[in-house]
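J.: structural data only, the sequence is not supplied:
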């Protein structure tokens, strides 16, 4: 699935866990999802941070270590 095609429904299972932030790792390079997805996440009060997958994995580990409520969707 292309990153640009992601919708809020694709993130539903992560949203149900109640994170304050979802990290989106987009592979070897940062690719931006459709802006409608960004807006939909903002309306729900959940941050959506987009970065390359290695950076997203590192960030996830740091945030979990700090006790933050975070989820991640990582593409290879």
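T.: Nice, thanks for sending it over. These numbers come from a predicted model, not from an experiment. Residues are numbered from 1 along each chain as shown.
J.: ok, which stretches of the protein are helices?
T.: Per DSSP state H, the chain carries helices over the ranges 12-15, 35-43, 53-65.
J.: make JSON lines out of those helices and add distance to residue 4.
T.: No exception for glycine: its C-beta is placed from N, CA and C like everyone else's. As requested, the helices of the chain are arranged in JSON lines below (distance: least, Cβ to Cβ, whole Å):
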{"stretch": "helix 12-15", "distance to residue 4": "18"}
{"stretch": "helix 35-43", "distance to residue 4": "9"}
{"stretch": "helix 53-65", "distance to residue 4": "16"}
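J.: and residue 2, which of those is closest to it?
T.: Nearest to residue 2 among those is helix 35-43 (12.3 Å), distances taken as Cβ to Cβ.
J.: now residue 25: how far from residue 11?
T.: Between residue 25 and residue 11 the computed distance is 13 Å (Cβ to Cβ, to the nearest Å).
J.: with residue 68 instead?
T.: Distance, residue 68 to residue 11, using Cβ to Cβ: 18 Å.
J.: so which of the two has more stuff around it?
T.: Ranked by neighbour count (other Cβ atoms under 10 Å), residue 68 and residue 11 place residue 11 first, with 22 against 12.
J.: can you check the pLDDT for that one?
T.: On the pLDDT scale, residue 11 is placed at 96.
J.: my understanding was that it contacts residue 23; is that so?
T.: No. Contact criterion Cβ atoms under 8 Å: residue 11 and residue 23 do not qualify, at 11.4 Å.
J.: give me the common contacts of these two.
T.: Residues touching both residue 11 and residue 23 by Cβ atoms under 8 Å, 6 or more residues apart in numbering: residue 73.
J.: and the closest residue to residue 51 other than its chain neighbours, how many neighbours?
T.: Excluding the flanking residues, the one nearest residue 51 by Cβ to Cβ, 6 or more residues apart in numbering is residue 30, at 5.5 Å. For residue 30, the count of nearby residues is 15 (other Cβ under 10 Å).
J.: residue 30 and residue 49 touch, don't they?
T.: No. Taking contacts as Cβ under 8 Å, residue 30 lies outside contact range of residue 49: 10.3 Å.
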